[in-house]
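1. Quick one, what's the 3D model for this:
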Amino acid sequence: MPEIEYFYSAHSAYAYLGSARFMAIAKAAGRTITHRPNDLRRVVPASGSTPFSERSKGHYAYFFRREIDRWAEERNAPVMVGRPTHHDKDMTLCNGMLIAGLVQDKNIDQLAHVMLESHWRDDSDLADRDTLVALARQVEMDPEPLLDAALSEEVQAIYEANTVEAIERSVFGSPAYFVDGDMFYGQDRLEMVERALRQPYAPSRTN
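-> Numbering: from 1, shown residues only. Below is the predicted model of the structure:
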């Protein structure tokens, strides 16, 4: 079945806001989602973007609050007030858990969704093993094999490869979707993703 490549991190606000809509679009188009969890701490600065900690208060208030609130309303994706308490923790474990699911031939669509949702709606700590156990059970997946493999050499090599690939393909952050090699950055491009699945856009023109 044809795929849609999905570059994101399990704690990304905008990946959460688009998650349910994206999965519905992919299902309606008969496309599988190829998950590429990656390390945003490296991807964002590699694109030339100003680190989040160095952005102005006005930019931060608009991009990381006003826009989140408006899109939450637009997408019917409830969000907590304020920034998740554990947002700045290392997300290697949760992203590794998702990759471990892929290695073990699991469909991780719903696991990815509940991670995103719980972080931004319920203030969940995605760096906490017990939290991840509960989230996996919520979607009727056995958490132990996934968590036992999450930090393994095999899984971490894939995580590194995803991160390097994101940088090489000029991914700016999370989420980014590739339809037949054509990148759509940001969940606000999902309607364009939907259109591209029906009718591809004309190739890029160069001067």
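2. can we go C-alpha only for contacts and neighbour counts from here?
-> Noted.
3. For the helix or strand E67 falls within, give me every contacting residue.
-> According to DSSP states H and E, E67 maps onto helix 67-75. The contact list for helix 67-75 (Cα atoms under 8 Å, 6 or more residues apart in numbering) reads A13, Y14, L17, G18, R21, A77, P78, V79.
4. Kindly reformat these as JSON lines containing distance to M141 and secondary structure.
-> Converted to JSON lines, these look like this (distance: Cα to Cα, whole Å; DSSP: H, G, I helix; E, B strand; the rest coil):
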{"residue": "A13", "distance to M141": "24", "secondary structure": "helix"}
{"residue": "Y14", "distance to M141": "25", "secondary structure": "helix"}
{"residue": "L17", "distance to M141": "23", "secondary structure": "helix"}
{"residue": "G18", "distance to M141": "23", "secondary structure": "helix"}
{"residue": "R21", "distance to M141": "22", "secondary structure": "helix"}
{"residue": "A77", "distance to M141": "23", "secondary structure": "coil"}
{"residue": "P78", "distance to M141": "24", "secondary structure": "coil"}
{"residue": "V79", "distance to M141": "25", "secondary structure": "coil"}
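5. Show me how to select, in ChimeraX, the buried members of those.
-> Filtering these down to the buried ones (16 or more other Cα atoms under 10 Å) takes a single ChimeraX command:
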select :13,14,17,18,21,77,78,79
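6. Widest-spaced pair of the contacts of helix 67-75?
-> The span of the contacts of helix 67-75, defined through Cα to Cα, is set by R21 and V79 at 15.6 Å.
7. Can I get the helix holding E67 as CSV, trimmed to CA atoms?
-> What follows is helix 67-75, C-alpha atoms only, in CSV (Å, rounded to 0.1, in the frame of the first residue of the first chain):
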residue,chain,number,x,y,z
GLU,A,67,-2.0,29.6,17.4
ILE,A,68,-2.3,26.4,19.5
ASP,A,69,-5.5,27.6,21.1
ARG,A,70,-7.1,28.5,17.7
TRP,A,71,-6.1,25.3,16.0
ALA,A,72,-7.2,23.3,19.0
GLU,A,73,-10.7,24.8,18.5
GLU,A,74,-10.5,24.3,14.7
ARG,A,75,-9.5,20.7,15.0
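8. Give me the mean pLDDT for that helix.
-> Mean per-residue pLDDT for helix 67-75: 97.
9. Distance from it to the middle of the chain?
-> Chain-centre distance of helix 67-75: 17 Å, with Cα atoms, centre = their mean, to the nearest Å.
10. List the buried residues of the following helix or strand past it.
-> Next in sequence after helix 67-75, counting helices and strands by DSSP H and E, comes helix 92-103. Burial within helix 92-103, assessed by neighbour count using 16+ other Cα under 10 Å, is assigned to T92, L93, C94, N95, G96, M97, L98, I99, A100, G101, L102.
11. related to what we said a few turns ago, of all the contacts of helix 67-75, which comes closest to A61?
-> A13 (13.9 Å).
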